[in-house]
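Colleague: Kindly generate the corresponding structure for this input.
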Amino acid sequence: MAKWRNGKGTLTVQGRDEAIPVEVAASYGTRRRGLLGRDGLDGALLITPCNSVHTFRMRFTIDVAYLDRKLNVLAVKTMKPGRMGRISLRARHVLEAEAGAMAAWGVRPGVGLTIES
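Modeller: Below is the predicted model:
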């Protein structure tokens, strides 16, 4: 993707054929809103550009993957509601999903991701 835009697409994890639905939040408003006000998520949410997230006012625990410019996973954290995540200076994007989803999809540090709109 040359220029990120808000919308829907699919996420593919390196080494797996399974396509996962993904929403892209690229504008200021959609990045700011994130998963606030939702009770769950079918698939994942890519927030770009982004290098830190919080879970204040969130209703459920999430997995957060910090990604570099090439969509390689730098770190994966699980965050309960009401937490402030650390800033990752190397991260350019953040991928969020319901807790446990990243492990089920095989998303872990060193793995590459592909997103198609």
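
Colleague: Strands of the protein, start to end?
Modeller: 7-13, 19-25, 44-47, 62-67, 73-79, 93-98, 113-116 (DSSP state E).

Colleague: got the contact list for the fourth one?
Modeller: Judged by C-beta atoms under 8 Å, 6 or more residues apart in numbering, the contacts made with strand 62-67 from elsewhere in the structure are 35, 41, 51, 53, 55, 73-79, 85, 88, 90-103, 107, 113. Glycine gets a C-beta too; all of them are placed from N, C-alpha and C.

Colleague: can you do 7 Å?
Modeller: With contact meaning C-beta atoms under 7 Å, 6 or more residues apart in numbering, strand 62-67 is reached by 35, 53, 55, 73-79, 85, 88, 91-102, 107, 113.

Colleague: one step back: and the strands of the chain, which is most packed in?
Modeller: Among the strands of the chain, ranked by average contacts under mean count of other C-beta atoms under 10 Å, first place goes to strand 62-67 (a mean of 25).

Colleague: Point to the residue nearest the middle of the chain.
Modeller: Of all residues in the chain, the one closest to the mean position by C-alpha atoms, centre = their mean is Leu95, 0.9 Å from it.

Colleague: Can you convert the strands of the chain into TSV and add a column each for distance to Arg31?
Modeller: As requested, the strands of the chain are exported to TSV (distance: least, C-beta to C-beta, whole Å):
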stretch	distance to Arg31
strand 7-13	13
strand 19-25	5
strand 44-47	5
strand 62-67	14
strand 73-79	17
strand 93-98	9
strand 113-116	16
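
Colleague: Would you mark the buried spots in the lowest-mean-pLDDT helix or strand in the chain?
Modeller: The weakest-scoring helix or strand in the chain, judged by mean pLDDT, DSSP states H and E, is helix 28-33 (a mean of 93). By 16 or more other C-beta atoms under 10 Å, the buried positions in helix 28-33 come out as Thr30, Arg31.
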